[in-house]
Structure formats: C-alpha cells, structure tokens
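*Asks:* I'd like to go over a predicted model; first the sequence, then the structure.
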Amino acid sequence: LDHMVKVVPLIVMGYAIQCYVINQMNTPIGTLSLMFLGFCLVSLIMGFVIYDTKHQVEFFEDKFEINFLGNKTVVFYSEIVSIEHAVSSSSFSRLTIVCRNQKFKFYFVDEADKLKAFVEEKKTPLSKAA
C-alpha cells in the first residue's frame with residue numbers, strides 16, 4: 001500500500017492527461033468511454049487496497065494461517081518442501097512456498113529474505129525431529 005500511495009497520483013495524472021488529449025482530438029470515443037476507463041482505474045486501485053487490507057498471514061509456532069475474504073488456509077511448517085525468494089530491487093518482492101501438494105505465492109512481501117529465514121528456521125527443527 002505504501003508503494004501504491006507513491007504511484008497512484010502519477011497514474012491518475014496520466015489518466016487525466018489522456019482524457020484531455022482525447023477530448024481535444026474530437027474523436028468518436030466519447031465521454032462514456034472515458035468514464036468507463038476511469039471506472040476501471042478506480043476498480044484497479046480499490047482491488048489493490050482490498051488485497052492489502054484483507055489478505056493476512058499469521059505465523060505461529062508450528063504453522064501459519066492465510067486469511068483472505070473469509071477463506072482460511074492452514075499450512076504446517078512440516079509440509080513445506082522449499083521456499084523461493086524472488087530478489088527485487090524494490091523494497092518488496094515475491095515469496096513462493098512450495099508444499100507437498102500445493103504452492104503458495106505471496107506478492108508485495110516486505111523483507112522477504114527475513115521471512116524466508118524465519119520459516120526455514122521453524123521448518124528445520126521439525127524436519128530434524130522426524
């Protein structure tokens with residue numbers, strides 16, 4: 001969401017300039033089409049806000065829970081096969097957790113390298129005990 005706060009004003013300014021240029025060209029696109037594009041822009045921004053506020057991951061001693069819009073998934077550390085961390089130049093990156101029967105991809109993860117180390121630390125004692 002912090003990244004969106006920085007980027008959204010630029011996107012909205014680009015949309016406004018685009019609307020002005022299209023209106024000056026007297027094209028048959030019309031106001032209705034520009035309003036539709038504005039609605040799509042607002043929907044995109046709201047989608048990012050909803051994802052950021054409603055997607056929650058909670059870590060416990062032996063598992064972590066993923067909650068999104070009322071759907072809850074529990075993943076035990078013992079089920080994890082591998083953890084992949086996509087290195088990014090931004091302050092956030094992508095983290096992929098591969099389990100025995102499914103794969104979880106987390107986007108826009110802050111400090112993904114620290115989270116990867118934390119999950120691997122929790123996973124290692126459990127796998128050594130087995």
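*Replies:* In hand now; what should we look at? Predicted, not measured: the structure shown is a model, and the values here were computed from it.
*Asks:* sketch out the helices for the chain, chain order is fine.
*Replies:* 2-24, 30-54, 112-129 (DSSP state H).
*Asks:* format those helices as TSV; extra columns: distance to residue 93 and mean pLDDT.
*Replies:* The C-beta positions use only the backbone N, C-alpha and C, and glycine is treated the same way. As requested, the helices of the chain are exported to TSV (distance: least, C-beta to C-beta, whole Å; pLDDT from 0 to 100):
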stretch	distance to residue 93	mean pLDDT
helix 2-24	12	82
helix 30-54	16	84
helix 112-129	5	72
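*Asks:* and those helices as CSV, adding distance to residue 76?
*Replies:* Converted to CSV, the helices of the chain look like this (distance: least, C-beta to C-beta, whole Å):
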stretch, distance to residue 76
helix 2-24, 31
helix 30-54, 23
helix 112-129, 8
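*Asks:* quick one: which of those helices is nearest residue 104?
*Replies:* helix 112-129 (10.9 Å; C-beta to C-beta).
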